[in-house]
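Colleague: 3D, please:
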Amino acid sequence: MKPEVIKLIAAIIIALVIGIGIGYAAGMGAAITVTTTVTITTPVTTPSPSPVKPPVTLIVVGPWAGAEMEAFMEALKAFEKEYPNIKVEYRIYRAEDLASIAPPQFEAGMAPGDVIFTAWGWWVKKMGEQGHLYDLSGQVNTEEYVKGIFDPVTSEDKIYGLPFTAWAKPGFWYRKSFFQKYGLKPPESWDEFLSLLDKLKDILGGPPIVTGNGVGWPISDVTEHFIITFGGPELQLKLINGEVMFTDPEARKVFEDYLVPLIKNGYFSEPIEWTRALELWWRGDYAIYFMGTWITGMVEDPEDISSFPLPGCKGVVMGTDYIIVPKYTKHPEEALLLAKWLATEGQRVHAGTKAGKFATWLKVGIEDHWAPMQSVFMKLKEMVPMPDLDDTVGGDWQKLFWDQLKLLWVEPDKLDEVLNTLAENFPKE
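Modeller: Residues are numbered from 1 along each chain as shown. Predicted coordinates for the structure are as follows:
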């Protein structure tokens, strides 16, 4: 082979070798480049949202039914709107039923409700001292409330009940239209009161005063009004404290000289279930009715009613329904929240309804109250607030008081028997 051909073949072989090397290097370089620029992404795990806390349902126990219940439900609905994760179920228990049902449940570590209302401050204090109720003293500022409102539910430095809206028992209610029709006006003296009763008895052809009855409390209310009027606020307090007995001359005089003569002269009707009595009074079968301020929310036209006390009366029984939280609630945090809310902003809501109540929380203004209650409230500010006698004494004697007064109403000649029974059975402690 010629030398020229050999040189040419060698050159071609060398070129191929170099080309392969360059190609391999380029390929390796490309592979290295790709490898170094690839970003390895680690999957990001999104944390699961916290499980939504299921709504809590609280059972609220109270004494109100009918129109009173409807007014109270407005407060509960306002709470649910502010705290949508808490639902409220309302159940009706009268104070006397609650006092029988709750204690054995408490002893078993149970409760009829998570938040409970009762007007019986003595019972609240008793249950608290037995260890069944939460101490609520840290829930509110007591200086923001009507003076003395916490006294019945306070034991040493513990407060077992928070006050809700209050009621009062200012006197005899009448329809303005009825009095205007017959040219009548509220009396300003005892003689004028007797004269008014005589006129009304002639107009109606029967008793002018309807006697409300239930378990006995409406009769005890009018009786206490006579005690406060003719014995003074001091006598009411002395009877409550056991410093004066019902058989003592100053107490007996109230019954013998004022109350019993009215019963004997037919000015009072026989005892009638109090809501039925209200219906009969409203339609004109009776002219006057001794009842509490809640009556304003139970009539068709609250602008047509007004009240007057017995002439010369200086005091008026006032009271509230206390809010308690049993230690056996399964939802203590929510129950305490509801109790605090009802004792504060809940009062503003309730005072503005047709409940016929006024606020004990002083941050609620007169303008926050339902219009028909504003004038009633202004009148009450002129009176000395008094505790309810039988609600304060409480216990078995309270029921005895009711029963004995019902007996007096139908058999007024048994006055001595009634007063002796009340004195002999009055609690010694």
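Colleague: any idea which strand is longest in the chain?
Modeller: For the chain, the strand that runs over the most residues, judged by DSSP state E, is strand 315-324.
Colleague: strands paired with it, and their directions?
Modeller: strand 115-118 (antiparallel), strand 162-169 (antiparallel), strand 384-386 (parallel) (DSSP bridges).
Colleague: residues in contact with whichever strand or helix holds Ala67?
Modeller: Assigned by DSSP states H and E, Ala67 belongs to helix 66-82. For helix 66-82, contacts defined as CB atoms under 8 Å, 6 or more residues apart in numbering pick out 60, 62, 64, 86-88, 90, 92, 275, 294, 297-298, 338, 341-342, 345-346, 349-350, 353-355. Any C-beta I mention is one placed from the backbone N, CA and C, and that applies to glycine too.
Colleague: could you point out which element follows it?
Modeller: Downstream of helix 66-82, the next assigned helix or strand under DSSP H and E is strand 86-92.
Colleague: mind listing what's buried in that next one?
Modeller: By neighbour count with 16 or more other CB atoms under 10 Å, strand 86-92 contains the buried residues 86, 88.
Colleague: Direction included, what does that strand pair against?
Modeller: Paired strands of strand 86-92, with direction, are strand 56-62 (parallel) (DSSP bridges).
Colleague: and the strand it pairs with, how far from the chain's centre?
Modeller: Distance, stretch centre to chain centre, for strand 56-62: 13 Å (CA atoms, centre = their mean, to the nearest Å).
Colleague: Stretch 143-153 now?
Modeller: Centroid separation for stretch 143-153 versus its chain: 15 Å, with CA atoms, centre = their mean.
Colleague: I'd like the average pLDDT over it.
Modeller: The average pLDDT for stretch 143-153 rounds to 92.
Colleague: which residue sits closest to Gly62 in space, ignoring its chain neighbours?
Modeller: Spatial nearest neighbour of Gly62, chain neighbours left out: Phe117 (4.1 Å); criterion: CB to CB, 6 or more residues apart in numbering.
Colleague: returning to what we had before: quick one, which of the contacts of helix 66-82 are buried?
Modeller: The buried subset of those - by 16+ other CB under 10 Å - is 60, 62, 64, 86, 88, 294, 297-298, 338, 341-342, 345-346, 349-350, 353-355.
Colleague: Please flag which of the residues you listed sit within helices.
Modeller: Judged by DSSP state H, the subset of these located in helices is 338, 341-342, 345-346, 349-350.
Colleague: Go through the residues you listed and name the one nearest Lys379.
Modeller: His350 (20.2 Å; CB to CB).
Colleague: didn't that closest one look like it was pressed against Thr360?
Modeller: No - taking contacts as CB atoms under 8 Å, His350 lies outside contact range of Thr360: 10.7 Å.
Colleague: so who does Leu197 touch?
Modeller: For Leu197, the contacting residues are 208-209, 262, 267, by CB under 8 Å, 6+ apart.
Colleague: Would you point out the most distant pair within these?
Modeller: The span of those, defined through CB to CB, is set by Pro208 and Leu262 at 10.1 Å.
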